[in-house]
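S.K.: could you work out the structure for the sequence below:
(one chain, ligands or ions: 1)
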Amino acid sequence: MTEPNLHIGVLGGGALGLSAAYRLARHGVRVTVLEKEDVVGGLAASFPVGNVYLEKFYHHLFRSDRVITALIRELGLGDRLVWRKARTANLINGRIYPMDPLRLLTLPVLPVSDRLRLCLGMAYLKLCSDYHRFEGQLAIDWIQRWMGKRTYEVIWRPLFESKFGEHYTRVAMPWFWSRVYCRSLSLGYLRGGFHQLYVALLERIKALGGTVRTGQTVERIEAAPGGRVRVTVNGAVEEFDRVVCTLPTRLFTRLAVGLPPDYRSRYDWGDYHGAHCVILALDRPLTDVYWLSINDPGFPFLVLVEHGNFMPVEDYGGRWLVYLGNYLPNTDRRFRMTRDELLDWYLPYLARINPAFNRSWVKEAWVFQAPFAQPIVTVDYHAHIPPHETPIPGVFLANMFQVYPQDRGQNYSIELAYRVADLALTRPTAVLAKAG
Ligand SMILES: Cc1cc2nc3c(=O)[nH]c(=O)nc-3n(C[C@H](O)[C@H](O)[C@H](O)COP(=O)(O)OP(=O)(O)OC[C@H]3O[C@@H](n4cnc5c(N)ncnc54)[C@H](O)[C@@H]3O)c2cc1C
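M.R.: Purely as a prediction, here's the structure:
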């Protein structure tokens, strides 16, 4: 049973924070969400493009994303959820090769024996429902052993290198398993944008008596007398009965006061990359694929996502929206470059993908970046995932960096949100006060 008059602070208004707040509010708890940015949604936040909204970073769902699908329906948005087969391909030696399972068998860049090994390897991962058998193995070792060295060199090494940079040789096999096992051929999208999901959550939280405050930077988290939690926000101090913190672990350990040294050394750990996206609005299509992974060296972006080959361009006033995406260390110069500098660098590469491309096709352009976006899931990663209960009584931690062996995904954030909300509800205040 929920304790009466409980007030829970939720730090961060992304998928996790809003879903946790919604769950808590449904249990009759008074919630206050504190979000640093001016809009909610976190990494899945959107920006206006004409009369509609588009995600700052490309987003879609897989059939295995059941928790978010159920939430979308619960919030009355089920009729906007569409599933489509979207074409995926790789750019290899300047040519676009479709990568759907049947086409793999005819992939000319590999000899027949390697194509077979590639298909068998993928099929095996698709059939394995338990990742534990891959624990302790490196992805690049497994790929080379089972799919072959040539397949690794031509298909996988360029992708691993551009996604994980200097860390690519340390990536864990369970992570690679999740990339194959959990993916579906048809992809889901909330027609009109995932923005609608976050607005719906926001409205439900408010309707249930909760508060969502944007433009609120959390600066300090510490224990207060009586098992309460003190949070410093925009320079002012507030107290809560409990706190659900959805900020990245690295940020939590920086803001939390009084964490024991062994907690810090174990969990303030690991590498991550930021996300960087240039978005173009073109007046015509660039390719006929939705997702184009760039295997060719030297490109300044690692993936090209053509939203117009997934959702109707009429939804966006006829704009062919194209994401040019990267995961990069936060020290990379792209994070400091202006939009026009980035365009000068990137746009000539589009002509390598479609020789007819001309700069006059670009009608609008935007740049978005996020510092904590891509955890680097190495072999020892799982030993450094913090538990939801933290050494500060009443403070519960749940974030994207605890999603394992996946590295992220709205679905997993929502799943984690429900788990941590239930945990926060079941810890009686008396116990927390004693622990304090
Ligand atoms: C390039 C890219 C592509 C992706 N593609 C997909 C996809 O196709 N499908 C999919 O499902 N998922 C995708 N994701 C992942 C998905 O966006 C995330 O898993 C999910 O949005 C994470 O939500 P979260 O609430 O856990 O974290 P976040 O979204 O990071 O939320 C944390 C929140 O905390 C706020 N915050 C940070 N510091 C403070 C502070 N000091 N005080 C207060 N607030 C603070 C942040 O502003 C943010 O709103 C993608 C992510 C990226 C970067």
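
S.K.: need the residues of the stretch 201-350 of the chain near the ligand, please.
M.R.: Gln216, Thr217, Val218, Thr246, Leu247, Leu251, Ala275, Gly325 (C-beta under 6 Å from any ligand atom). In this view, the C-beta of every residue, glycine as well, is placed from N, C-alpha and C.

S.K.: tell me who's in contact with the closest residue to the first one other than its chain neighbours.
M.R.: Pointing back at Gln216 there. Distances taken as C-beta to C-beta, 6 or more residues apart in numbering put Leu34 closest to Gln216, at 4.2 Å, once the chain neighbours are dropped. By C-beta atoms under 8 Å, 6 or more residues apart in numbering, Leu34 lies in contact with Gly9, Val10, Leu11, Gly12, Gly13, Arg213, Gln216, Val218, Val231, Val233.

S.K.: how does it look with 6 Å?
M.R.: Residues in contact with Leu34, defined by C-beta atoms under 6 Å, 6 or more residues apart in numbering, are Leu11, Arg213, Gln216, Val218, Val233.

S.K.: just the buried subset of those, please.
M.R.: For the contacts of Leu34, a burial check counting by 16 or more other C-beta atoms under 10 Å picks out Leu11, Gln216, Val218, Val233.

S.K.: among the residues you listed, which are in strands?
M.R.: Residues of the buried ones among the contacts of Leu34 located in strands (DSSP state E): Leu11, Val218, Val233.

S.K.: JSON lines for those, including pLDDT?
M.R.: What follows is those, written out as JSON lines (pLDDT from 0 to 100):
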{"residue": "Leu11", "pLDDT": "98"}
{"residue": "Val218", "pLDDT": "98"}
{"residue": "Val233", "pLDDT": "98"}
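
S.K.: looking at the residues you listed, spot the one nearest the ligand.
M.R.: Val218 (3.6 Å; C-beta to the nearest ligand atom).

S.K.: isn't that closest one up against Gly12?
M.R.: No. Counting by C-beta atoms under 6 Å, Val218 does not reach Gly12; the two are 8.1 Å apart.

S.K.: before we move on, the earlier item: most neighbours among the residues of the stretch 201-350 of the chain next to the ligand, which one?
M.R.: Highest neighbour count within these: Thr246, with 29 neighbours (other C-beta atoms under 10 Å).

S.K.: residues touching that residue, list them.
M.R.: Residues near Thr246 by C-beta under 6 Å, 6+ apart: Gly12, Leu16, Gly17, Ala398, Asn399.

S.K.: now do the phi/psi pair for it.
M.R.: phi -110, psi 20 (degrees, to the nearest 10).

S.K.: circling back: which of the contacts of Thr246 count as buried?
M.R.: With neighbours counted by 16+ other C-beta under 10 Å, the contacts of Thr246 contain buried members at Gly12, Leu16, Gly17, Ala398, Asn399.

S.K.: keep only those that also lie close to the ligand.
M.R.: Gly12, Leu16, Gly17, Asn399.

S.K.: out of those, name the ones that lie in helices.
M.R.: When these are checked against helices (DSSP state H), the matches are Leu16, Gly17.

S.K.: a markdown table for the ones next to the ligand among the buried ones among the contacts of Thr246, including distance to Met99 and pLDDT?
M.R.: A markdown table is the format used below for these (distance: C-beta to C-beta, whole Å; pLDDT from 0 to 100):
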| residue | distance to Met99 | pLDDT |
| --- | --- | --- |
| Gly12 | 35 | 98 |
| Leu16 | 31 | 98 |
| Gly17 | 35 | 98 |
| Asn399 | 31 | 96 |
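
S.K.: what's the closest of the ones next to the ligand among the buried ones among the contacts of Thr246 to Tyr412?
M.R.: In terms of C-beta to C-beta, no member of these lies closer to Tyr412 than Leu16, at 9.0 Å.

S.K.: contacts only, for that closest one.
M.R.: Applying C-beta under 6 Å, 6+ apart, we find Leu16 in contact with Thr246, Ala398, Ser413, Ala417.

S.K.: ok but the third one is inside a strand, no?
M.R.: Same thing as Ser413. No. Membership of Ser413 in a strand is not supported by DSSP: H, G, I helix; E, B strand; the rest coil, which gives helix.

S.K.: how deep is the closest residue to Asn358 other than its chain neighbours tucked in, by neighbour count?
M.R.: Nearest residue to Asn358, sequence neighbours excluded (C-beta to C-beta, 6+ apart): Ala351, at 7.9 Å. By other C-beta under 10 Å, the residues close to Ala351 number 12.

S.K.: packing partners of the longest strand anywhere in the chain?
M.R.: When the chain is parsed with DSSP E, its longest strand is strand 362-375. Counting contacts by 3 or more C-beta pairs under 6 Å, 6 or more residues apart in numbering; DSSP states H and E, strand 362-375 is packed against strand 272-282, helix 339-353.

S.K.: whether it contacts the ligand - can you check?
M.R.: Yes. Counting by C-beta under 6 Å from any ligand atom, the ligand has neighbours in strand 362-375: Ala370, Ala373.

S.K.: report the rounded mean pLDDT for that strand.
M.R.: Mean per-residue pLDDT for strand 362-375: 96.

S.K.: mind listing what's buried along it?
M.R.: For strand 362-375, by 16+ other C-beta under 10 Å, it's Val362, Ala365, Trp366, Val367, Phe368, Gln369, Ala370, Phe372, Ala373, Gln374, Pro375.

S.K.: give me the residues contacting the helix or strand following that strand.
M.R.: Downstream of strand 362-375, the next assigned helix or strand under DSSP states H and E is strand 395-397. Strand 395-397 is contacted from outside by Val229, Val243, Val244, Cys245, Phe252, Pro386, His388, Thr390, Val420, Ala424, using C-beta under 6 Å, 6+ apart.
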